[in-house]
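**Q** just the structure for this:
(chains A and B)
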2 protein chains.
Amino acid sequence: MKQRVSVITLGVADLGRARAFYETIGWSTGAGQEDDVVFFQAGGLVVALWARDQLAEDSCVTDGGGWGGITLAHNVRSPAEVDAVLAAAESAGATIGRPGAATFWGGYSGVFLDPEGHPWEIAHNPPWTLAEDGSVLLSA
Amino acid sequence: MKQRVSVITLGVADLGRARAFYETIGWSTGAGQEDDVVFFQAGGLVVALWARDQLAEDSCVTDGGGWGGITLAHNVRSPAEVDAVLAAAESAGATIGRPGAATFWGGYSGVFLDPEGHPWEIAHNPPWTLAEDGSVLLSA
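**A** Numbering: from 1, shown residues only, chains lettered A, B, ... in the order given. Take a look at the predicted model:
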């Protein structure tokens, strides 16, 4: 198995609300308004929004109903940008889990929960390289 | 917020078991044997393994205890490769959720659950482009 991820699918209870949230914070999709799956091209992978009950069935799992052990992070170029993204997300309907602050690992981050409850850590991580194209590289 | 994902963190109950699983199916990490977070460079993002209880706390969520609405997919170049990845995962300790088969959306896929219960869909999706570097592009 190659060392890559192709698609991250976020299960949603309200596709229209979830789509509107991601569009409001600046993402764009080519999905039609009637499509039941919304795909966003996110660098070299795809983020999809799909009905959570259908995703659970397709994934051969029972839905625990809350968070299930996976958190996404979005790295940015400065602490100020962490704060700006958190503010934009809150304006668009997210809940702030924790505001931007220095972290135990030496960076600066905060967390928002999207309208479906999926957490995103927004992070400035100086030891990692954030390339011009948005790729993150472990080596500095 | 830029349209990208930087890190996917998988919460684990047994870090050694989870790390061994991903290493056995072919992934490699520079993490030391004593490190409490294991990072894998996966194309332009990082996949991390971290204690699930600590991840829940850091993510400002309550752990539902099961699956929580996020599924990852790994796209490959043929139906035969879907079957080969599923077989490798099963040999390494994964549970097969569904074996490789034609899907309603026109491709071919199967699902395994890693030893921590995180589902991965392994998919051959002909309409999408799987670039030489492993990037997936929505446009054909």
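**Q** longest helix in chain A, please.
**A** Under DSSP state H, the helix in chain A containing the largest number of residues is helix A:79-91.
**Q** flag every buried residue along that helix.
**A** Buried residues in helix A:79-91, defined by neighbour count with 16 or more other C-beta atoms under 10 Å in any protein chain shown: A:79, A:81, A:82, A:83, A:85, A:86, A:87, A:88, A:89. Just so you know, the C-beta spots here come from the backbone N, C-alpha and C atoms, and that holds for glycine as well.
**Q** my guess is the fourth one contacts residue A:110. True?
**A** Which is residue A:83. Yes - the pair residue A:83 / residue A:110 is scored as a contact, 7.4 Å apart, by C-beta atoms under 8 Å.
**Q** overlap of the contact sets of these two?
**A** A:99, A:100 (C-beta atoms under 8 Å, 6 or more residues apart in numbering or on different chains).
**Q** restricting to the buried residues of helix A:79-91, which residues neighbour chain B?
**A** For chain B, the contacts drawn from the buried residues of helix A:79-91 by C-beta under 8 Å from any C-beta of the partner chain are A:85, A:88, A:89.
**Q** show me what residue of chain A gets nearest to chain B.
**A** Closest to chain B within chain A is residue A:68: 2.1 Å, counting by C-beta to the nearest C-beta.
**Q** tally of neighbours for that residue?
**A** Look at residue A:68: counted by other C-beta atoms under 10 Å in any protein chain shown, it has 27 neighbours.
**Q** check contacts around it.
**A** By C-beta under 8 Å, 6+ apart, residue A:68 lies in contact with B:63, B:64, B:66, B:67, B:68, B:69, B:70.
**Q** mind putting those residues in TSV, pLDDT included?
**A** Below are the contacts of residue A:68 laid out as TSV (pLDDT from 0 to 100):
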residue	pLDDT
B:63	96
B:64	91
B:66	95
B:67	97
B:68	97
B:69	98
B:70	98
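**Q** for residue A:115, see how far away residue A:22 is.
**A** Taking C-beta to C-beta, to the nearest Å as the measure, residue A:22 falls 10 Å from residue A:115.
**Q** stretch A:85-104: end-to-end distance?
**A** Its start and end residues considered, stretch A:85-104 measures 21 Å (C-alpha to C-alpha, to the nearest Å).
**Q** quick one: the helices in chain A?
**A** Under DSSP H, chain A gives helices at A:15-24, A:52-59, A:79-91.
**Q** got the ones you listed as CSV, with distance to residue B:7 and mean pLDDT columns?
**A** Shown next, in CSV, are these (distance: least, C-beta to C-beta, whole Å; pLDDT from 0 to 100):
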stretch, distance to residue B:7, mean pLDDT
helix A:15-24, 18, 98
helix A:52-59, 21, 98
helix A:79-91, 14, 98
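**Q** list the residues that contact residue A:38.
**A** For residue A:38, the contact set (C-beta under 8 Å, 6+ apart) comprises A:15, A:18, A:19, A:22, A:29, A:31, A:48, A:49, A:50.
**Q** would you format these as TSV with distance to residue A:105 included?
**A** What follows is the contacts of residue A:38, written out as TSV (distance: C-beta to C-beta, whole Å):
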residue	distance to residue A:105
A:15	35
A:18	30
A:19	33
A:22	27
A:29	33
A:31	36
A:48	30
A:49	30
A:50	32
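**Q** which of those are close to chain B?
**A** Answer for the contacts of residue A:38 near chain B: none qualify (C-beta under 8 Å from any C-beta).
**Q** ok, and the most crowded of the residues you listed?
**A** Going by other C-beta under 10 Å, residue A:49 tops the contacts of residue A:38 with 29 neighbours.
**Q** beta partners for it?
**A** Using DSSP bridges, the bridge partners assigned to residue A:49 are residue A:10, residue A:38.
**Q** which parts of chain A are strands?
**A** Assigned by DSSP state E, the strands in chain A fall at A:7-12, A:37-42, A:45-51, A:70-75, A:95-102, A:108-113, A:119-124, A:129-130, A:136-137.
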